[in-house]
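>>> Predicted structure and sequence below. I'll ask about it afterward.
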Amino acid sequence: MRLSLKTRFTLAFSLLVLAVVTVVSSLYIVRLTRQTLHQANDRAQFVAQQVYEACRNALDEAAERGDTPVSADPADVRDYAHEALDNSSTLNSLIESDLGYSPTIYEITISDSDGVVLVSSDPSLRGEKVPARPSVTSLVKAGFLEQVRALYGPPQTYEFSLPFNLGAHPFGNVRIGLSSVLIRDEISPGLISAGTWAAGSVLLSTLLAFVVSRASLAPIERISAQLDRISAGEFDLEPAVQRGDEFGAVSTKITGIGKQLRDVREIFGTLRENLNQVMSGLENGLLLFNAEGRAVLVSPSVEKFLGGSAEDFRGRLASEIFPADHPIRGALEITGDEIASAEGREVTLGAEGGAQRAGVSAQVIREHGTRMGTLVTLHDLESRERIGSHLEVSERLAALGRVTAGVAHEVKNPLNSMRLWLEVLKSNMPVDPEPQQAVKMLDTEIDRLDRAVKTFLNFTKPLELNLEETDLRALLEDVLDAARPSISRAGLELHADLPEKFPPVLLDRQLIHQAVLNLLLNACDFTPPGGRVAVGLRRSGEFAVIGVEDSGRGIPAEDQKKIFQLFFTTRPGGTGIGLANTFRFVQLHNGQIEFESEAGRGTTFRVELPLGRLAETPAAKVRDYAQPFAEERR
């Protein structure tokens, strides 16, 4: 829902006042809470000190009367103190008066060092052992949010404790209990008052904002009416707002724009014929709409997109050319007869020969900020994509052909000549070990370069796939048999996780066999002795997923984007062909290959191949390949 400027102005002003009121109220609440807690703590200390003095006086009075403990036994001492304190009318009166002194004090208790109550404002606690309670001092020092949770959470009693001695030895404590409910009741009136003032401030600010915005934005309504008249072809000779401020300046500029628009409309009539001649030779369909949304220029090529002649569309409104159910209407976001700016939208149009994909763009034409019209362009996406695809394929094939021919001519023939002359040189060389070793090294390097050239030539040749429904489990077992000697020589442990039954996969057995074998051999090369190599097979939707995991040193981050490039290798003596061929073989099967690698933790390759047909796989043997092999983690 679009809000008017007046509404947005009122809301903005109200939200600003609300933010200020919220900040001020929050600071007031924080101060009120801390002040109340400090007062409660101070009162508790004061009361505790009073009770402490009263206890000392009661014990001194008992001593003056000649009362003494029966023995030095702690129980007799406790009974003596309990009787002296309990019989003190001054102490009991003080406890009763102190309860009324502070509305936050819930209980006043005197206990011995074991926590057994001697005297209490709560008669039911006498003789009972009361556990220690949270300190009110910790609540005072806590943060504001923690204080709020404590006061407005479950009822809790906080305690201020003052120890006292009997003679020269510690005997007990004066414990002042403060209730969180009573403290909250002390704070609540201030919170209600703050909330009332905050709500009143927001309501008053909203009312004032509405009045101010209504008075300030009244000229906009007259300017809007002026724009409506210009849109209808009525051009004002005088500004609609006769004022010296910004609104008057805007109205004056709108009047000038209206006059310019009148001149432009006259120019359109003159240019129409010339534009029709230019557009007749265009392949793209063009429709030019004026400010009212009426088509003033239509190219002849529109017929192949909209199914009608240019004369049929000229002079019609946008809503008539593109009715509510027309796909182009939604792509251009047409409201009434006004077309929004759009770029690169794609639609599907119905045609006699079938569906036609078309690209749609709309450019709003403005002059000095005033909307003069809209140019809609229609182009055939399928033709453009076919041409682009053909050009790209042709360029790649031509470049590949040139490279291949150059390699064959510039490298292959010199290699053959070098081999012939090397044989002649070998026959005329002395039998000394060093010259013979040099010739042997040259022969080896020529063989390696010759293999690289042959591999490159074979890599660029198109392959004919021999697709057949294949038992992927049996194929992987053959791959494991072929790789097992290399795995043993590398001193690695092999794990296989293959289901007992698996749906057939339509593939070229030889290519996939070689692809998986390349992954296994790479794992052997990059895993230190004592490590492990694991092969797994699972089904994911309509794809078969082959996983090859090792515990080697992993692939460095800087090499991960290059491992499938031809001739890229980090292994001494490697050719950089295996993974490139693996990637190529998987792509030829409409599959994909991915990997995850972590330095020092190993690498996992996943090959996804489409299934030949749907079949059920036993759930007990299928695992989530994103997780490590179960038997490896035991």
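In hand now; what should we look at?

>>> In CSV, could you pull the C-alpha coordinates for the host helix or strand of residue 495?
Assessed by DSSP states H and E, residue 495 sits inside strand 493-497. Extracted in CSV, the C-alpha atoms of strand 493-497 (Å, rounded to 0.1, in the frame of the first residue of the first chain):
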residue,chain,number,x,y,z
GLU,A,493,44.1,-49.2,3.5
LEU,A,494,41.1,-49.6,1.1
HIS,A,495,37.5,-49.3,2.2
ALA,A,496,34.5,-49.9,-0.1
ASP,A,497,30.9,-49.0,0.6
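
>>> Touching the helix or strand following that strand from outside, list them.
Next helix or strand after strand 493-497 toward the C-terminus (DSSP H and E): strand 505-507. Strand 505-507 has contacts (Cβ atoms under 8 Å, 6 or more residues apart in numbering) with 467-470, 472, 544, 589, 609-612. Any C-beta I mention is one placed from the backbone N, CA and C, and that applies to glycine too.

>>> out of those residues, which are buried?
Among these, the ones that count as buried by 16 or more other Cβ atoms under 10 Å are 470, 472, 544, 589, 609, 611-612.

>>> and which of those residues is nearest residue 493?
residue 472 (23.2 Å; Cβ to Cβ).

>>> can you list the weak-confidence ranges in the stretch 301-450 of the chain?
Within the stretch 301-450 of the chain, the stretches with pLDDT under 70 are 351-354, 382-413, 431, 448.

>>> give me every residue that touches the closest residue to residue 30 other than its chain neighbours.
Spatial nearest neighbour of residue 30, chain neighbours left out: residue 144 (5.1 Å); criterion: Cβ to Cβ, 6 or more residues apart in numbering. Counting by Cβ under 8 Å, 6+ apart, residue 144 touches 30, 33-34.

>>> So which of the buried ones among the contacts of strand 505-507 are in helices?
residue 472 (DSSP state H).

>>> what's the next secondary structure element after the strand ranked longest in the chain?
What stands out as the longest strand in the chain, according to DSSP state E, is strand 354-367. Going down the chain from strand 354-367, the next helix or strand is strand 370-380, by DSSP H and E.

>>> neighbouring contacts of that next one?
257, 260-261, 264, 283-291, 293, 296, 302, 304-306, 328, 332, 339, 341, 356-366.

>>> How about stretch 467-485?
Residues contacting stretch 467-485 (Cβ under 8 Å, 6+ apart): 494, 496, 498-502, 504-509, 512-513, 516-517, 520-521, 524, 535, 537, 544, 546, 609, 612-613.

>>> Can you give the distance of it from its chain's centre?
Stretch 467-485 has its C-alpha centroid displaced from the chain centroid by 41 Å (Cα atoms, centre = their mean, to the nearest Å).

>>> What mean pLDDT does it get?
For stretch 467-485, the mean pLDDT works out to 90.

>>> buried ones in it?
Taking 16+ other Cβ under 10 Å as the neighbour-count basis, stretch 467-485 is seen to contain the buried residues 470, 472, 475-476, 479-480, 483.

>>> pretty sure residue 17 is touching residue 207, no?
No. Contact criterion Cβ atoms under 8 Å: residue 17 and residue 207 do not qualify, at 11.0 Å.

>>> if we can go back for a sec, output the longest strand of the chain as CSV - backbone C-alpha positions only.
Extracted in CSV, the C-alpha atoms of strand 354-367 (Å, rounded to 0.1, in the frame of the first residue of the first chain):
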residue,chain,number,x,y,z
GLY,A,354,4.4,-22.8,-31.8
ALA,A,355,5.6,-20.8,-28.8
GLN,A,356,8.0,-18.0,-29.5
ARG,A,357,10.5,-16.5,-27.0
ALA,A,358,10.8,-12.8,-27.2
GLY,A,359,12.8,-10.2,-25.4
VAL,A,360,10.9,-7.0,-24.3
SER,A,361,12.4,-3.7,-23.3
ALA,A,362,10.7,-0.3,-22.6
GLN,A,363,12.5,3.0,-22.4
VAL,A,364,10.7,6.0,-21.0
ILE,A,365,11.4,9.2,-22.9
ARG,A,366,11.7,12.3,-20.8
GLU,A,367,12.5,15.9,-21.5
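
>>> What pairs with that strand, parallel or antiparallel?
Paired with strand 354-367 in the same sheet, following DSSP bridges, are strand 342-351 (antiparallel), strand 370-380 (antiparallel).

>>> Just the residues contacting the shortest one, thanks.
Read it as strand 342-351. Here strand 342-351 has contacts from 305-307, 327-328, 330-333, 355-362, 381, using Cβ under 8 Å, 6+ apart.

>>> Nice, that's everything, thank you.
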